[in-house]
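Q: here is the input, now give the coordinates:
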Amino acid sequence: MNVVDIGFAEIESFLRGSGWRRSLSGPFAEIWHPEHDEQSTVFVPKAPDSPDFSTALKILTREVARLENRSESDVELEISRQFVDVTDLRAEDADIADGTIPLLAGIGLFNSAHRMMVSAAAATLHRQGYYGNSMPRAAHKHARRMRLGQTRPGSYIVPVISSARFGALVSDEFGEPRLEAAADDSYFERRMLTTLSRALETLSELTVRGRIPSKLDVLDAVDEGVSSELCGAVLDVIGKGGVEVFDVTFNWAPSSPAPSALLGKITFPGETAELIERIEGELKEADAPAERVLYGVIRRLSLKKNDTTGHVALETVIEGKPRIVSFELPLDVYRRAARYHGERRPVVVRGILDATPGRRATMQVNAFDADRSVASFDDVSLPEIN
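A: Have a look, this model is predicted:
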């Protein structure tokens, strides 16, 4: 079952990632072969609108499956997934059988998909324990860009599909790193899923420690993207839906590096519902300032002799427009910022933003590091700034 329609770009990306090499290329087709076997070749169609494209794709899929000793369905599915991230929401229960699910549990699963993506989009923009009526409009806009795939066997799985076609984020055209604002938006859904993965992992950790989490633990979880709304999304399945087990699996697009230091699957047993309800309530009552999250590239750095902090100018996008935001970092963090600047790495900052129109935008930064959603770095995390 394909995730999206297959075109030449998907086929090319799949073959290159699987170690195949191009032998011949023409305007309408190409010939590819395995890296160490030039005698075994496949015909690759390039024009999806041609009447024989579907037939040629089936032949290609069959030949690749034979040469790689895989099933044709697995090969076709992997080709179709090259430029999409697929998040599987799975319900497991004794009452789920033969591809069917109880009505209430099914409604909860689909409602959870929507609420979960909206809460993740909101946390990608602002960290807040409870959004209520202050849910950012942009969160709904970004969630509407996600797509639902067809349900699949395996208990009961609802796949949520998002684009993983990324533009060039950093440009050196003017001799210094500059943010390509037009490309920045193409990364939002990947950043959103990265936020969701970490938030779900944090929420899961709060429920498996064998004790009721403290108020401080709950407030600290907000820093990782946990919100009352995210708790409600999980409870739609294991609470209202009455499902025994709910898990979320992240399948990152093969064409780009997966975000680092994240779990691939997070599970919530039904017996955690009561504790998650408690956390949901505490987050609604939490009195903590909302923090803005900004993604961008460092444009300028400044450190004067004997200073205990270094000055950073970040180029980012605020309300759809490029903006320079200035902030101070303690010396140990500033040194990391200098390294990321030299390596042209995108970064992420979180804190209290003052972006009053007509004035220089500033931020009181509470967390800073490389943007782990854009590329995979072993040393990427988002430590607090004390």
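
Q: P259: neighbour count?
A: By other CB atoms under 10 Å, the residues close to P259 number 24. C-betas here are computed from N, CA, C, even on glycine.

Q: so where does it fall, helix or strand?
A: Counting by DSSP states H and E, there is no helix or strand that carries P259.

Q: how about H114?
A: According to DSSP H and E, H114 maps onto helix 103-125.

Q: in that helix, what's buried?
A: Buried residues in helix 103-125, defined by neighbour count with 16 or more other CB atoms under 10 Å: 105-106, 108-125.

Q: stretch 255-269 now?
A: Those would be 255-256, 258-262, 266-269, for stretch 255-269 by 16+ other CB under 10 Å.

Q: narrow the residues you listed to those in strands?
A: Secondary structure from DSSP state E places 266-269 of the buried residues of stretch 255-269 in strands.

Q: in JSON lines, list these along with pLDDT.
A: Shown next, in JSON lines, are those (pLDDT from 0 to 100):
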{"residue": "I266", "pLDDT": "96"}
{"residue": "T267", "pLDDT": "96"}
{"residue": "F268", "pLDDT": "96"}
{"residue": "P269", "pLDDT": "95"}
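
Q: that older thread, S54: which of the buried residues of stretch 255-269 is nearest?
A: Within these, proximity to S54 (CB to CB) peaks at S255, which comes in at 22.4 Å.

Q: can you pull the contacts of the closest one?
A: S255 makes contacts with 13, 17, 82-83, 164, as judged by CB atoms under 8 Å, 6 or more residues apart in numbering.

Q: return the distance of stretch 24-36 from the chain's centre.
A: 33 Å (CA atoms, centre = their mean, to the nearest Å).

Q: all strands of the stretch 201-350 of the chain, in order?
A: Ranges of strands within the stretch 201-350 of the chain are 245-251, 265-269, 291-302, 309-318, 321-330, 347-354, based on DSSP state E, counting those that start in this stretch.

Q: nearest to D236, of these?
A: Closest approach to D236 among the strands of the stretch 201-350 of the chain is made by strand 245-251 (9.0 Å; CB to CB).

Q: and E277, how many neighbours does it have?
A: 15.

Q: now it: how far from T124?
A: Distance from E277 to T124, counting by CB to CB, to the nearest Å: 25 Å.

Q: again, but for T207
A: 23 Å.

Q: repeat that for D371.
A: Distance from D371 to T124, by CB to CB: 11 Å.

Q: need the overlap of contacts for the two.
A: Taking CB under 8 Å, 6+ apart as the criterion, D371 and T124 both touch R191.

Q: tell me how far stretch 28-48 is from the chain's mean position?
A: Its chain's C-alpha centre and that of stretch 28-48 lie 32 Å apart, by CA atoms, centre = their mean.

Q: distance between the ends of that stretch?
A: End-to-end distance for stretch 28-48: 10 Å, by CA to CA, to the nearest Å.

Q: what residues sit buried inside that stretch?
A: 29-30, 32-34, 41-42, 44-46.

Q: tell me where this structure has helices.
A: 8-17, 53-68, 72-80, 103-125, 137-144, 181-184, 188-207, 215-222, 228-235, 273-285, 331-342 (DSSP state H).

Q: just say which of those is most tucked in.
A: With neighbours defined as mean count of other CB atoms under 10 Å, the helices of the chain peak in mean count at helix 228-235, which reaches a mean of 25.
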